[in-house]
Structure formats: structure tokens, C-alpha cells
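Engineer: predicted model, plus sequence, below.
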Amino acid sequence: MSDYDDEEKTCKVYDGNDSFTAWVQIFLAFFALGSLWFKRMKEVPRRKFETWFMDVTKQGIGAVYAHLLNMLVAAIIASNHGSSDEDRLDDECAWYAINYLVDTTFGLLLAVMFLKGLEYLSKEYDWETLKNSGVYFGENKWIHWRDQVGAWVALLTLVKIVILFFMWIFSSFLAFWGRILFKPFQANIRFELLFVMIFFPGFLNVIYFWVIDTYIKAEGTHAHAHEAENEIEQEKTEVLVGGVEEQADPPLFPLPATGTRDHTSERRTTEVI
């Protein structure tokens, strides 16, 4: 029997020799981002497709970045947490799940607080590209999007740093519960990988993405970011975007106005009499 067979197998969030982990992560990303389409179809007023797409790509870039940081944090904690040898938890998948649970609860609260702080600072110091999150229009719309993506990635970095220190401080406590909760899954490491990256975070992903989307999308008062509900709203949107209100073409067969009197004809009748 080879040394590889004798080696105790543990679940890893990334294995360069196994493409299965990569496919699982790709599926997770599409599932999470796809849920935002359903959210768009239910929102009122509904964002224009281009605006929604730019919001989704902003979250998508942040999600990929956060996912890589989550795997890095899981690997660091799994190899360096302060538990004794008999109490160690070397299962990266278990640490990924623990990290994900902390990230979508405590981390979500931190992200919302940081977004609120960024909104206050951007309006206080008149940061043009950041003070109206989710608003992209005109020639500089991609500059607005770029700066907002950069700001979101910076906020995620701050959140992950706080979470890393939080998990480091409470690593012994978290390792104790991780061993209890994930020991039944360790007999089948592929099922454990599916559980911690799809079944477990699937519901949490939807909640996290929907909450963050609520804070980074444009407010309902920004007409150029949303679809018009009727023709009148469409005309108002064109006026707001173009800056010039166009005159409507006169009707081909105009109808006489009701409830008005022809004063000219009345004066002529009086003169004849």
C-alpha cells in the first residue's frame, strides 16, 4: 500500500490535482449571481438591464475576490490555529464553512456599516463617482463603475481583515464545534466539499447578495437608472437624461377640444346682429 493511501485524507477547498473543486466553485458563483436576476424582476421600480448588469458585475468581482480571501483565511487558520494537537482541526472545508458563516453574519453587518460610512464620506467630501452608488450615466459611466468597484473591494478587504483576527482569537472555540459538526462528513470528502460550498452557503449566499444589492443599487429617485413604467415616465426619463425636452409631434387628425367655447365666432355673430 502506498504512502498516499496511508495518508489521512482531508477536505481541501482547492486542489490543483482535482478539477472537481474548480467546477464546484464555478457552479456556486453562477448560482449566487443568478439569484439577483430574480430579485430584479420583482423590484419596483425595476432597474434598466444595463444598470442591473453593472451592479451584478460589481458584486461578481467582489464575490470572486471575497471567495479567494475566504479560501486563504480557511487555509491559514487550518494550519496555524492555536489549538493543541489533540484538539486541532485541519479540515480546510470545515474552516471554510465556519468562515463563511461568520462572513455572512458578522461580516455582513460590518459590510453594511462600512457602506453606510462610505456613503456619508462621499457626500460629505463630494466624491462625484461614489456619492450616488449604482448610478452610471453619461460619458463617464464606466469611470463611476470602476471607482465603485474599487471602493467595494477595499471595503471587503477591511471586512476580511477584521474576520481573520476574530477567527484567530476564537480559533479554539471554533475548532471544537467544527470537529463535532463536520466529523460525520469527513468519511466522504467530496460530499463534504459539496456541502460546505453549495448546500450550506447556497441559502446564505442569496441573503448576502440580496442585502448588499439593496445598499449598492441606485435609489428609486434616480429615473435614468430604472425602467419607465409608462410612456409618460419614459418621456420624463428622456428629459432628465438628455437635458432638453422635445416637442411632441401634432396629431394627424386633431379632435376638437371639449368644454371650450369659440369666442371669435360669438363676436362675429354679435356684429352681424
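Structural biologist: Great, that's in hand.
Engineer: in the stretch 101-250 of the chain, which spans are helices?
Structural biologist: Taking DSSP state H, counting those that start in this stretch as the criterion, the stretch 101-250 of the chain carries its helices at 108-124, 141-169, 171-182, 189-194, 200-216, 231-242.
Engineer: next structured bit after the helix or strand bottoming out on mean pLDDT in the chain?
Structural biologist: Each helix and strand of the chain was given a mean pLDDT (mean pLDDT, DSSP states H and E); the minimum falls on helix 3-6 at a mean of 40. Past helix 3-6, further along toward the C-terminus, the next helix or strand under DSSP states H and E is helix 19-42.
Engineer: any idea how far stretch 48-57 is from the chain center?
Structural biologist: Mean C-alpha position of stretch 48-57 versus that of the full chain (C-alpha atoms, centre = their mean, to the nearest Å) differs by 11 Å.
Engineer: if you average pLDDT over that stretch, what comes out?
Structural biologist: Along stretch 48-57, the predicted confidence averages to a pLDDT of 92.
Engineer: hmm, who's touching that stretch?
Structural biologist: With contacts defined as C-beta atoms under 8 Å, 6 or more residues apart in numbering, stretch 48-57 is touched by 33, 36, 40, 47, 134, 136, 141, 145, 149, 213, 216-218, 225-227. Where you see a C-beta, it was placed from the backbone N, CA and C, and this is true even at glycine.
Engineer: restricting to C-alpha, output it in PDB.
Structural biologist: What follows is stretch 48-57, C-alpha atoms only, in PDB (Å, rounded to 0.1, in the frame of the first residue of the first chain):
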ATOM      1  CA  LYS A  48     -32.600  49.000 -16.500                       C
ATOM      2  CA  PHE A  49     -30.800  46.000 -17.700                       C
ATOM      3  CA  GLU A  50     -27.500  47.900 -18.300                       C
ATOM      4  CA  THR A  51     -27.700  49.300 -14.800                       C
ATOM      5  CA  TRP A  52     -28.500  45.900 -13.300                       C
ATOM      6  CA  PHE A  53     -25.700  44.300 -15.200                       C
ATOM      7  CA  MET A  54     -23.200  46.800 -14.000                       C
ATOM      8  CA  ASP A  55     -24.400  46.300 -10.400                       C
ATOM      9  CA  VAL A  56     -24.100  42.500 -10.800                       C
ATOM     10  CA  THR A  57     -20.600  42.700 -12.300                       C
END
